[in-house]
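Q: Dropping the sequence and predicted coords here.
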Amino acid sequence: MTRQTMRSTRGFLAVAALATFGTGQSVAAQETQQLPAYVTQEYGTPPSIPSGEIAPDIMNALQIVFVDSLARSEWGNRESLALEQIAQTGDPRLAWIITDMMRFTWRSTFDDALAQTAAGLLGIDLETPNRWHELTDHLIAWDIPSYPGYLPHKRAIFTQFLDGWDDIFIEGDIDWRLVSWGGVPIDNRAYDQTDVLCNCIPAADNPEVSSAADATWLDDDDIIFGIGINGEYRAYPRQIMEVREMVNDTLGGRDLGIPYCTLCGAAQAYFTDQMPEGVERPILRTSGLLIRSNKVMYDVNTYSVFDTFLGTALTGPLNDIGLQLEQATVITTDWGTWKAEHPETTVLIEELALGRDFDFRNGRDANGPIFPVGDVDPRLGVQDDIIGVMTASGEPVAFPRGPALLALRNGANIAYENIRLELDAGGIRAVDVDGSDLGSHQAFWFAWSQFHPDTALWAP
C-alpha cells in the first residue's frame, strides 16, 4: 500500500490568540490572511480585530447586559442602551459573549437584538434561521479571540441558568470560547449511582453484564463498541451508549472510563487506574457542555474538566499535576461478528438502555452536525468515519475506515511509521510493530481533524 500525508494549514491560531493583548491597534490584514483558503471561501474575510483591554464604560455595559440583567431577571431600557453601546464598538471579540447569551435567551425580541448586534460586530448578514449556530460557526472558523475579562461574564451566564457548573467554569488550559451548552444538565451524581434517576444523561457505573448467549435482545447487525483488556472482552451496545454516554467500568483487572460522543461518532476508553500517588480514580461524567460538537467530560471527584478526545485534564487539581489518561482501543463493529470472534465476551444488559432505542447517527445527526463546529478540514467529508491513532513520535494519523477496511480484507499491509492496522472482529485495531495495542478508535472526520488540526491522512 502507498500512503499520502497531508497537513492542515491552520497556522493562524497563535496569531489570533496573541491579538487579544497589545497596544490597542487593529490586527494587521496580513495576519488574518493566514486563514486557510477553504475558510475564506466558505466564510469570507474576517473583520479587523482590535487588541488590548476593553474600555471601562464598555466593560460596564457588558456587566449590565450579561450579568446584572440575569440576576434581576429583567430586560429594560437600561439593558437596551447598554447593548447598543456594545454594538457601536465594532469589536468582533464581544460577539462571543453575545452568542453565549443567545444559547439561553427566553424571548424572541431579545434574541433578535442579540443576533443583530453580533452580526453587526462580525460584519455579516445572517442567512439561516439558526442564527446562534451561524454566528458561532463564523467565530470559530475565523478564530476570533475573546476579550480580557471574558470568562467571568460567561461563567455568570451559564451558572445563572443551570446548577452544578460553579466548579466547572474556572481558569485552566481550556479554550472557553469554544464551550457551549449541549441542552442537558450536568450529571453530578456520586460514584456508583447508575440506578439513581437524574435530569441528566446518566452515566453507568459498574454496569451489570451478561454472557453473549443470554443477550438475546441484541440482533447480529446491532452496532457495539468492543473492548478487550488482558484477555477479557466486553461489548458496549450503541443503544445503551447513546442513552448513557459515559460508563465507568472494570475489565481485565483495569479500571476504565468510557465516553461516547453521539455527536462525533466516537466511543473511547481511558484507563483510570494506576494514578499518581495520592490521586483518587477519576470518575468520568457528562458535564452537559460541548466543544465544537464534542462532549466535555469531567471528574466528579475533583471537578477537573478533561479534553474528551485527548484524555488531558484541562482544569482543576488533575490539571495542576498534568494528568494525561492512557487510551485503550475501542473496536466499532456489529454484535454478530464480535461475539463470533470473541465468544467468551460479556455484554451490558438490556435494562441499561432504559427502554430506549435511539439511532442518532442515522436519525438526528444524519444531515450533519447539529451544533456549531466552525470550519472543517476539506480533505474528507464532515462525517466520514476514520480510525484515529497517534504515532510513537506523537503525530496524529487518520485512516479512512472504508478504504482501510477494504484494503485489509484484501490482504494488504497498512503501515504508517510504527503503526500497523489489523482486522479485529469486523473492525480495525492499530498496533505497534511489536503487536502491542496503540489505543485507536473510530470517529467522524470533523471531530478528529479539529482536535488534531495537523493530522496526517493515510490514503491507499
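A: Cool, the structure landed. It should be emphasised that the depicted structure is a prediction, and the values quoted were computed from it without experimental measurement.
Q: for the stretch 301-450 of the chain, what spans make up the strands?
A: 305-307, 312-313, 327-328, 331-334, 346-348, 385-390, 396-400, 415-416, 419-424, 427-431, 441-444 (DSSP state E, counting those that start in this stretch).
Q: and residue 102, which of those is closest to it?
A: Closest to residue 102 of the strands of the stretch 301-450 of the chain is strand 305-307 (C-beta to C-beta; 22.8 Å). All C-beta spots, glycine's among them, are computed from the backbone N, C-alpha and C.
Q: if we can go back for a sec, of all the strands of the stretch 301-450 of the chain, which lies closest to residue 135?
A: Residue 135 lies closest to strand 441-444 among those, at 22.8 Å (C-beta to C-beta).
Q: Contact partners for residue 140?
A: 177-178, 292, 372-375 (C-beta atoms under 8 Å, 6 or more residues apart in numbering).
Q: Distance of it relative to residue 57?
A: To residue 57, residue 140 is 29 Å away according to C-beta to C-beta, to the nearest Å.
Q: residues touching residue 42, list them.
A: By C-beta under 8 Å, 6+ apart, residue 42 lies in contact with 141, 375.
Q: tell me the SS of it?
A: Per DSSP: H, G, I helix; E, B strand; the rest coil, the secondary structure class of residue 42 is helix.
Q: Tell me how far it lies from residue 184.
A: From residue 42 to residue 184 the distance is 30 Å (C-beta to C-beta).
Q: Tell me, how many residues neighbour residue 208?
A: Burial of residue 208 is recorded as 11 neighbouring residues (other C-beta atoms under 10 Å).
Q: can you offset everything so residue one is 13?
A: With 13 as the first residue, the last one maps to residue 220.
Q: Output the contacts of residue 152 in JSON lines; the columns should cover pLDDT.
A: Formatted as JSON lines, the contacts of residue 152 follow (pLDDT from 0 to 100):
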{"residue": "189", "pLDDT": "97"}
{"residue": "190", "pLDDT": "97"}
{"residue": "304", "pLDDT": "94"}
{"residue": "384", "pLDDT": "93"}
{"residue": "385", "pLDDT": "93"}
{"residue": "386", "pLDDT": "94"}
{"residue": "387", "pLDDT": "94"}
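Q: domains in this structure, as residue ranges please.
A: The chain resolves into domains spanning 13-173, 193-365, 397-469 when parsed by automatic domain parsing.
Q: mean pLDDT lowest for which of the ones you listed?
A: Lowest mean pLDDT of these: domain 13-173, a mean of 82.
Q: Neighbours of residue 262, how many?
A: Residue 262 has 14 neighbouring residues, counting by other C-beta under 10 Å.
Q: Surely residue 47 and residue 56 touch.
A: No - in this structure residue 47 lies outside contact range of residue 56 using C-beta atoms under 8 Å: 10.1 Å.
Q: Just list what the longest helix along the chain packs against, helices and strands only.
A: For the chain, the longest helix by residue count, based on DSSP state H, is helix 120-134. Under the contact criterion of 3 or more C-beta pairs under 8 Å, 6 or more residues apart in numbering; DSSP states H and E, helix 120-134 touches helix 89-99, helix 107-114, helix 143-154.
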